[in-house]
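**Student:** sequence first, then the predicted structure:
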Amino acid sequence: NVFDTPQDAAKSLAAEVAALIRSRSAENKQVVLGLATGATPLPFYAELIRLHKEEGLSFANVVSFNLDEYCGLPHEHKESYWYFMHQNLFNHIDIKPENVNLPSGMLADADIPAHCAAYEQKIKDCGGIDLQILGIGRTGHIGFNEPGSDDTTITRQVHLDDLTITDAAPAFGGKENVPATAITMGVATIMGARKVALMAWGDKKASIVQKAVEGPVTIDVAASYLQKHPNASFYLDSAAAADL
Ligand code: GLP
């Protein structure tokens, strides 16, 4: 789906999400959303907040699982994904705090495998992810599934690619301050979602979007595995779609 602007794309996707939330709510059922961070989903979250404030969209029946979190950052760190999600979405809507799930960034290495296994199990116990929201990194990563992540990977600790660290450096005030590792859902976790919606904006994403959509399905571009997903859509602005 190609739109003139990120705002148009974000509005269209937010309308779909609102329809899903409302139809489940009418049946007294929960919706499980997989959520993403980064600059890309910001207009989408702004539109969800608008729908909540101006059109009465309630998130009381929403359970959320975030894709990833940096290792070593406490909740109050401004670059932690916990902080990002509360600042840009959760603090402005009526989602129940107990329904919000993010990987923990503050575990000792030895405790991470059990935490990751419990995260996977909790997703299963909630009935699986109905809709997974994604951005895409310039390495082709979804979540933090860097090149080398195949479609059997599940939630785990990963090392960040040098390009990812370079892209994150300005926000952290230098490459040396960017965490070296993160916890991320795996490609298999993402592929397990019933529907996947990936957003990308701007000419910097055009080349990796082209590889993900039209290139071979390869371990070198995690987003290329979405070609095998039965219900995955890309929401692009015209700049990000320029190489298609
Ligand atoms: C980060 C996140 C990804 C995100 C990507 C792109 O590394 N872990 O989930 O999609 O960066 O970020 P941006 O949307 O800021 O371009």
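**Tutor:** Right, received. Where do you want to start?
**Student:** which SS class is residue 20?
**Tutor:** Under DSSP: H, G, I helix; E, B strand; the rest coil, residue 20 falls in the helix class.
**Student:** what does the chain put close to the ligand?
**Tutor:** Within the chain, the positions near the ligand by CB under 6 Å from any ligand atom are 36-40, 67-68, 135-137, 143-144, 164. No exception for glycine: its C-beta is placed from N, CA and C like everyone else's.
**Student:** looking at the chain, which helix or strand is least sure?
**Tutor:** helix 162-172 (a mean of 95; mean pLDDT, DSSP states H and E).
**Student:** tell me the contacts of the spatially most central residue of the chain?
**Tutor:** Residue closest to the average C-alpha location in the chain (CA atoms, centre = their mean): residue 36, at 2.2 Å. If you count contacts by CB atoms under 8 Å, 6 or more residues apart in numbering, residue 36 has them with 66-67, 133-135, 143.
**Student:** what do you get for residue 113?
**Tutor:** Taking CB under 8 Å, 6+ apart, one finds 156-157 in contact with residue 113.
**Student:** and for residue 92?
**Tutor:** Per CB under 8 Å, 6+ apart, neighbours of residue 92: 49, 52-53.
**Student:** hmm, back to that, for the residue nearest to the centre of the chain, give its distance to residue 56.
**Tutor:** 25 Å (CB to CB, to the nearest Å).
**Student:** residue 125 too?
**Tutor:** 30 Å.
**Student:** and what of residue 101?
**Tutor:** For residue 101, the distance to residue 56 - CB to CB - is 25 Å.
**Student:** what about those two, which has more around it?
**Tutor:** Neighbour comparison, residue 101 and residue 56: the larger count goes to residue 101, with 16 against 8 (by other CB atoms under 10 Å).
**Student:** the closest residue to that one other than its chain neighbours - how many residues pack around it?
**Tutor:** Leaving aside its chain neighbours, residue 101 sits nearest to residue 65 (4.6 Å; criterion: CB to CB, 6 or more residues apart in numbering). Applying other CB under 10 Å, we find 24 residues neighbouring residue 65.
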